[in-house]
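[1] Below is the structure, and that's it, no one-letter string:
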């Protein structure tokens, strides 16, 4: 599924070098639900970006679904982001000019799916996250929790093998966070692999496994005790 | 993403900022409309001039004395030359002598006008058909007996007498105090057309008289300085010209003193000058198109910066560099094309309006429109490629962080 071997990430700005990740080794199997935790500056977001094929590693190997993606071109990475990975961001990242349905259709446009089929699948995905009655609303007409649910619908609409979430509850109140966690657990129960970055320990309690990152190293990797199921 | 969807996205983006899109188009609109206006008016003027020339005659050669050479008294044409050209060259159908003199005064009552006198014979009318409105042209008898008769143009007749048909009236012609009376026997339509009327009152009277009368009138100044020659067809120009030159040189015992030109050659010259003129003004107008293009680039750069986050989102969910590039490129091309279409419509409108004031039909050709269309899309691509490329190269992570 996800396999990272001796992963290094070095940022260079002029003469200054900053090593964000120092030889990470990580394996995440199919159907897992993993929280990546750590204080800010620990490198957890960098790790997430590399796992999500948004960023490139400096050294090491990254094998996603039995395919080495460490050396792929920009276009090949774009295709992987499109087909194999679904993203959920802290800031929702919906396009403000498009309504919920059109936002969910967006990845399918880049996948070359016909307009009619896009509409059908987008409705289905929005129904899955409980937004069938908000399909024609624009993001500014939706609450934070609803926006994040649109973003989740967009992330899962192409049935990716892994759902990546970067602080998905960071901008949400407790009730909305609870809703989102519920959806994630449902998706995971249906077989979707979920990787989530968070710095909130209570949010991590909804997952099955916690990977702690500090100063570019994994310092702890454990199963979640007393997991909260919804 | 396919092209049709890229178009939809681009149009949505243009519509979301209507005022800005319109102002961006304005540069293209001004550029395209001014180029089309100028080129159409230029082409229209050319075909108007060509029309005037065609009226005069296509198969006409004109023998003149080369004024760049030293001219002796015996180099001037004689009536014998005219006769020889007419009878000895098979391609020549007719020939007429011309004595032309400017700076002549015409007097009717107390009114005087400047005039040009063209002394010729009855053959002239069959070579350069004169469009007679009233009366008749010079006859053979007029020439043989050197009658004091003239043919006047309609515009001068109107301004001298107040009416066009002045046949039977008497006018005085001459230089300084040496005035001779002559009877108007015909009125012809002035060939200047739209161009002549723009001279207004300064347009000289152009009188045709029997060459024999002109000889009596001007005496010492009289010499045949031109021969108009009608040939069977335009293909004979070359051979006829050579024969004419040969006949003239052997009769006058000289060399390289004569020029034989055809009117079409002069037309080519006029057209060439008009072409250069149109191109220069068109190029100046074209500069405004370039300025418009820079406006498009400027707005597209602003648009890319404004939409950095959108680009990041699109890339994160699977847009390739090409998808982003095409999206922005199509946007700038659409802006340029819409601007080009509006500019084209305005250009045709302006050309029609200006053309109606100048009295010429604007030459709006399919080619002009096609070139304008291609040019505006080229402007869109050329000035859109840099911003679009910049957008496509954005790093998704940095773009997503952009506030």
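    Now that the structure is in, tell me what you want to look at. Just so it is clear, the structure is predicted and the values come from calculations on it, not from any experiment.
[2] contacts and neighbour counts: CA atoms only from here.
    Fine.
[3] Ramachandran angles for residue A:199?
    phi -110, psi 10 (degrees, to the nearest 10).
[4] nearest spatial neighbour of it, skipping sequence neighbours?
    residue A:37 (5.4 Å; C-alpha to C-alpha, 6 or more residues apart in numbering or on different chains).
[5] can you give me the helices for chain B?
    B:3-15, B:18-56, B:79-88, B:124-127, B:140-145, B:154-161, B:193-197, B:211-218, B:237-252, B:263-306, B:308-316, B:321-358, B:366-392, B:396-401 (DSSP state H).
[6] looking at those helices, which is closest to residue A:76?
    Closest approach to residue A:76 among the helices of chain B (C-alpha to C-alpha): helix B:321-358, 10.6 Å.
[7] Next, the buried residues of the closest one.
    B:321, B:323-348, B:350-352, B:354-355 (16 or more other C-alpha atoms under 10 Å in any protein chain shown).
[8] Distance check, the residue in chain B positioned nearest to chain A against residue A:224.
    Chain B approaches chain A most closely through residue B:318 (3.9 Å), counting by C-alpha to the nearest C-alpha. Residue B:318 sits 33 Å away from residue A:224, going by C-alpha to C-alpha, to the nearest Å.
[9] The two: who's more crowded?
    Per other C-alpha atoms under 10 Å in any protein chain shown, whichever of residue B:318 and residue A:224 has more neighbours is residue B:318, with 27 against 17.
[10] Give the helix, strand or coil label for the nearest residue to the more buried one once chain neighbours are set aside.
    Excluding its sequence neighbours, the residue lying closest to residue B:318 (C-alpha to C-alpha, 6+ apart) is residue A:82, at 3.9 Å. Following DSSP: H, G, I helix; E, B strand; the rest coil, the label given to residue A:82 is helix.
[11] Tell me the pLDDT of residue A:82.
    Looking at residue A:82, its pLDDT is 95.
[12] Residue B:141: neighbour count?
    Neighbour tally, residue B:141, other C-alpha under 10 Å: 12.
[13] Now do it against residue A:201, distance only.
    Taken as C-alpha to C-alpha, the span from residue B:141 to residue A:201 is 125 Å.
[14] now residue A:28
    20 Å.
[15] what does chain A put close to chain B?
    A:49, A:54-55, A:74-75, A:78-83, A:86-87, A:93-95, A:106-107, A:109-112, A:155 (C-alpha under 8 Å from any C-alpha of the partner chain).
[16] out of residue A:28 and residue A:201, which sits in the busier spot?
    Neighbours were counted for residue A:28 and for residue A:201 using other C-alpha under 10 Å; residue A:28 has more, 17 against 12.
[17] Check what pLDDT the nearest residue to residue B:114 once chain neighbours are set aside gets.
    If the residues on either side of it in the chain are set aside, residue B:114 comes closest to residue B:105, at 4.8 Å by C-alpha to C-alpha, 6+ apart. Per-residue confidence at residue B:105 stands at 90 (pLDDT).
[18] Ok, residue B:68 next?
    76.
[19] Equivalent analysis for residue B:57, please.
    The predicted local confidence for residue B:57 is 63.
[20] what bits of chain A have low per-residue confidence?
    Counting by pLDDT under 70, chain A contains no low-confidence residues.
[21] what about the residue nearest the centre of it, which SS state?
    Centre of chain A computed as the mean C-alpha position; nearest residue by C-alpha atoms, centre = their mean is residue A:164, 1.5 Å away. Under three-state DSSP, residue A:164 falls in the strand class.
[22] Which neighbouring elements make contact with the lengthiest helix in chain A?
    In chain A, ranked by residue count with DSSP H as the criterion, the top helix is helix A:174-189. Packing partners of helix A:174-189 (3 or more C-alpha pairs under 8 Å, 6 or more residues apart in numbering or on different chains; DSSP states H and E): helix A:144-156.
[23] count of neighbours near residue 131?
    Defaulting to chain A. 19.
[24] I was thinking of chain B, sorry if that wasn't clear
    17.
[25] Would you list the phi and psi of it?
    Per degrees, to the nearest 10, the backbone of residue B:131 is at phi -80, psi 90.
[26] Please apply the same query to residue A:98.
    Torsion angles, degrees, to the nearest 10, at residue A:98: phi -100, psi 150.
[27] just the one 3 residues further on next, same as before
    As for residue A:101, its main-chain torsions (degrees, to the nearest 10) stand at phi -60, psi -50.
[28] so how far is residue A:157 from it?
    Counting by C-alpha to C-alpha, the gap from residue A:101 to residue A:157 is 11 Å.
[29] Find residues that contact each of these two.
    residue A:122 (C-alpha atoms under 8 Å, 6 or more residues apart in numbering or on different chains).
[30] what does the stretch 301-403 of chain B have sitting close to chain A?
    Counting by C-alpha under 8 Å from any C-alpha, the stretch 301-403 of chain B sits next to chain A at B:310, B:313-321, B:323, B:396-397.
[31] Skipping adjacent residues, who's closest to residue B:65 in space?
    Using C-alpha to C-alpha, 6+ apart, the closest residue to residue B:65 is residue B:258 (4.5 Å).
[32] who's in contact with the residue in chain A that chain B sits nearest to?
    Relative to chain B, the nearest point of chain A is residue A:82 (3.9 Å; C-alpha to the nearest C-alpha). Residue A:82 is in contact with A:107, A:110-111, A:158, B:316-319, counting by C-alpha under 8 Å, 6+ apart.
[33] repeat that with 10 Å
    For residue A:82, the contact set (C-alpha atoms under 10 Å, 6 or more residues apart in numbering or on different chains) comprises A:76, A:107-111, A:155, A:158, A:160, B:314-320.
[34] Ok, residue A:88 next?
    A:148-156, A:163-169, A:196.
[35] what distance separates the longest helix of chain A from the centre of its chain?
    14 Å (C-alpha atoms, centre = their mean, to the nearest Å).
[36] wouldn't residue A:222 be in contact with residue A:210 here?
    Yes. Here residue A:222 reaches residue A:210: they are 5.5 Å apart, a contact under C-alpha atoms under 10 Å.
[37] so what sits against both of the two?
    Applying C-alpha under 10 Å, 6+ apart, one finds that residue A:222 and residue A:210 are jointly contacted by residue A:34.
[38] Settle it for me: which of those two has more neighbours?
    The neighbour count for residue A:222 versus residue A:210, taken as other C-alpha under 10 Å, is higher for residue A:210 (23 against 11).
[39] part of a strand, is that one?
    Yes. Assessed with three-state DSSP, residue A:210 lies in a strand.
[40] Could you find the closest non-adjacent residue to it?
    Nearest to residue A:210 is residue A:35, by C-alpha to C-alpha, 6+ apart, at 4.8 Å.
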